[in-house]
Structure formats: structure tokens, C-alpha cells
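[1] Task: produce atomic coordinates for the following.
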Amino acid sequence: MLDERMLWTAVTTRDPKWDGMFVYGVASTRIFCRPTCPSRRPRRAGVRFFATPESASEAGFRACRRCRPSDLASAEPAIARVRRACEIIARRSGRAVSLAALARQVGGSPYHLQRTFRTLLGVSPREYAETCRLGYLRAELRNGDGVSAAVYGAGYGSSSRVYEKSARTLGMTPATYARGGAGEHVHFVITPSPLGQMLVAATPRGVCRVKLGDDAAALERELRAEYPAAQVAPGDDRLSAWIARIVDFVKGESPDPRLPLDVRATAFQWRVWRELQKIPRGMTRSYAEIAARIGAPTAARAVARACAANPVALLIPCHRVVQTGGGLGGYHWGVERKRALLAGERGTLA
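    Sure, this is the predicted structure:
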């Protein structure tokens with residue numbers, strides 16, 4: 001979370017530029033408000049700050065009926081400008097737009113747009129545009145018009161720039177992606193674990209999937225569906241050694257496994273996942289805390305979505321992220337597995 005002195009100043013002055021950036025809860029009434037709420041100002045000692053309305057609700061506060069902090073339809077102009085900027089960027093289908101030009105179209109200064117954009121979404125307008133451009137590139141590659149047409153249609157000045165980033169963003173070269181992974185080699189191993197059946201899959205560059213489930217055959221089918229044109233086959237000794245390290249970690253017999261990864265992700269997802277890898281074993285962080293740590297204090301919901309999109313369970317420990325009020329929150333592989341993981345990690349340290 002940001003400096004509370006700064007937030008309190010925003011409340012006492014009802015500064016409109018902070019509206020949508022945080023909410024505050026009043027302990028005596030158990031109500032949370034926008035910083036611009038016209039109600040009587042509370043005593044500082046009884047105020048708590050939250051990155052999102054959801055965080056305040058999870059902590060047991062109710063939304064104010066006067067300022068309606070949970071009502072997206074009544075969002076302040078700053079939020080509306082960011083939404084408008086996102087629409088402009090998305091419509092350009094990857095074609096570049098300068099920050100100054102974007103600010104002129106939505107109103108306000110480039111500095112404030114950049115700051116508000118990053119605060120709300122966790123990424124800069126440029127990073128958001130890059131994500132949109134990547135999505136456009138993927139769509140064009142799937143259309144089958146050729147790599148060169150897709151690259152230039154997505155607004156890239158040269159194919160070399162795309163190939164430089166392709167391993168991290170597409171998980172393979174553009175040509176391979178256009179063929180549905182054709183020519184890509186994906187090996188996998190499935191083994192029993194304390195959490196049920198565990199599948200670990202890898203390309204020559206690193207681990208690309210870690211899955212948990214009750215049915216080994218179903219896990220294999222899911223993997224093949226994700227790589228429909230790749231050469232998917234049982235793994236080798238290297239992969240067997242990797243999965244053994246992961247199982248030992250689940251059993252509490254070894255530290256967090258640090259294995260090479262080969263996964264596709266947006267810039268924001270990588271920022272979240274890197275922060276998750278910093279959470280010590282036996283500890284947890286809330287979605288709001290992760291958002292604050294990556295410099296996006298109002299992006300708790302986006303953090304939750306990044307956790308849900310994590311393709312390598314355990315290697316990126318999204319199970320260590322919980323709700324602000326102490327609830328476990330969701331987990332792609334089941335809340336019971338999340339509970340077991342956390343209990344096991346705490347027990348190891350006891």
C-alpha cells in the first residue's frame with residue numbers, strides 16, 4: 001500500500017485525483033468510502049486503508065451508500081480516462097501511439113495518465129500496448145497469412161524484434177506458434193504425489209506446465225490439447241529428476257525447486273509471478289499486498305487473475321497468496337490442495 005500519510009491527506013482534502021486509487025474504512029461504523037466521500041471526516045485513529053473495495057469487504061466493512069465506492073458506473077474521471085486510453089490502444093491493433101498523443105485524446109497530462117494507468121492496471125500504457133500488440137500478432141499468426149504479414153500487421157518494425165521476444169512471450173518462435181506448436185518437442189512425466197497425480201511437462205528450454213489432478217489420463221489429454229500440433233511424448237531422465245525434486249518439495253523434504261521455465265506471459269503476469277517467488281516458504285501474502293509490492297496498489301483483482309493463469313503450479317507458488325481477511329481464496333487445482341500445501345509448509349517450519 002502507498003504511504004498512509006499521503007492517503008490520509010487525500011481523505012482530508014477530498015482530493016479527486018485519488019478517487020478509485022484506494023478506499024478507507026471507518027472502524028466505528030464498519031463502512032468504507034471513497035477518498036472524496038462528502039460524509040463527515042472520521043478520526044484518523046479509526047481509519048484503515050484498502051487497495052480495493054473487495055479488500056475492504058473481505059475485512060468486514062460495508063460500502064457507503066453516499067459515495068458508492070463499489071459502483072464502477074460512478075467512477076471518477078481518472079478511471080474513465082484510463083478506460084478510454086485502453087480502448088484507444090486496443091483499437092489501434094498494435095500500432096504505436098505516443099503517451100503525449102494518448103493524453104491529448106483522453107484529457108490530462110502525460111505524467112498523470114502514466115501514473116494513474118500504472119496504479120490502476122499495474123503496467124504502463126506502453127506495456128499495455130505491447131500486450132495488445134502481442135494478442136494481435138497471435139491472432140494474425142493463427143489466420144495463416146504468413147509470419148511476415150502477421151509481424152508487420154501487428155505493428156512491429158522488423159521480424160528480428162519479434163523473434164528476440166518470442167521465447168518469453170509466445171513460448172516458441174512465431175513460425176512454430178503459427179503451426180500450432182508444430183515442430184515443438186514437449187516431454188512430460190506423471191507421478192503420484194501427496195497432492196494427487198502430478199504432471200510436469202517441459203520443452204528443451206525449461207518447464208512449461210505443472211498440473212495436479214486425480215486422473216493421470218485426463219492430465220495427459222489436457223496437455224496434448226494445449227499443444228495440438230507439437231510432438232508430445234513421455235519424458236527423459238532429466239524430466240524425471242525435475243519432477244522428483246518437485247515431489248520432494250511437496251513432501252517438505254527439500255527447499256523450493258528453482259528450475260528453468262518456458263512459459264508465455266504478459267509483462268504484468270511476470271511482475272506478479274516474480275513477486276510470488278519471493279514469498280518465503282511457510283508464509284503468505286494477500287492479493288492486495290502483492291499488488292502494492294509491484295507498485296499497483298489497486299490491482300488486487302488483476303493479481304488474482306495472474307495467479308489463476310499460472311501454468312507451473314508450485315514452481316511459481318501462487319498457493320501462498322490468500323485473501324486480505326485471511327480466507328484461502330481460490331486455487332486452480334482445488335482449495336483443499338491449497339490448504340494442504342500451506343499446512344505442510346507451516347508444519348515443516350514448526
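[2] switch to C-alpha atoms for all contacts and neighbour counts from now on
    Will do.
[3] residue ranges for the strands of the stretch 201-350 of the chain, please.
    For the stretch 201-350 of the chain, strands defined by DSSP state E, counting those that start in this stretch occupy the ranges 206-213, 231-234, 285-286, 321-322.
[4] So for the second one, what gets flagged as buried?
    Applying a neighbour-count criterion of 16 or more other C-alpha atoms under 10 Å, the buried positions in strand 231-234 are residue 232.
[5] Same question for stretch 290-310.
    Going by neighbour count (16+ other C-alpha under 10 Å), the buried part of stretch 290-310 is 290-292, 294-304, 306-308, 310.
[6] ditto for stretch 63-73
    The neighbour-count check on stretch 63-73 (16+ other C-alpha under 10 Å) flags 63, 64, 67, 68, 69, 70 as buried.
[7] which ones are touching the fifth one?
    If I follow you right, that is residue 69. Residue 69 makes contact with 20, 23, 32, 33, 34, 53, 63, according to C-alpha atoms under 8 Å, 6 or more residues apart in numbering.
[8] Buried only: go through these for me.
    Among the contacts of residue 69, the ones that count as buried by 16+ other C-alpha under 10 Å are 20, 23, 32, 33, 34, 53, 63.
[9] show me the contacts for the fifth one.
    Which is residue 34. Residues in contact with residue 34 (C-alpha under 8 Å, 6+ apart) are 19, 20, 22, 23, 24, 67, 68, 69.
[10] With the third one instead?
    Contacts were defined as C-alpha under 8 Å, 6+ apart; by that measure residue 32 touches 23, 24, 25, 26, 53, 56, 61, 62, 63, 64, 69.
[11] can you list the residues you listed in TSV and add distance to residue 280 and secondary structure?
    Shown next, in TSV, are those (distance: C-alpha to C-alpha, whole Å; DSSP: H, G, I helix; E, B strand; the rest coil):
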residue	distance to residue 280	secondary structure
23	29	strand
24	29	strand
25	30	strand
26	32	strand
53	28	helix
56	26	helix
61	30	coil
62	33	strand
63	34	strand
64	37	coil
69	34	coil
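[12] Of those residues, just say which sits nearest to residue 42.
    Closest approach to residue 42 among the contacts of residue 32 (C-alpha to C-alpha): residue 26, at 6.9 Å.
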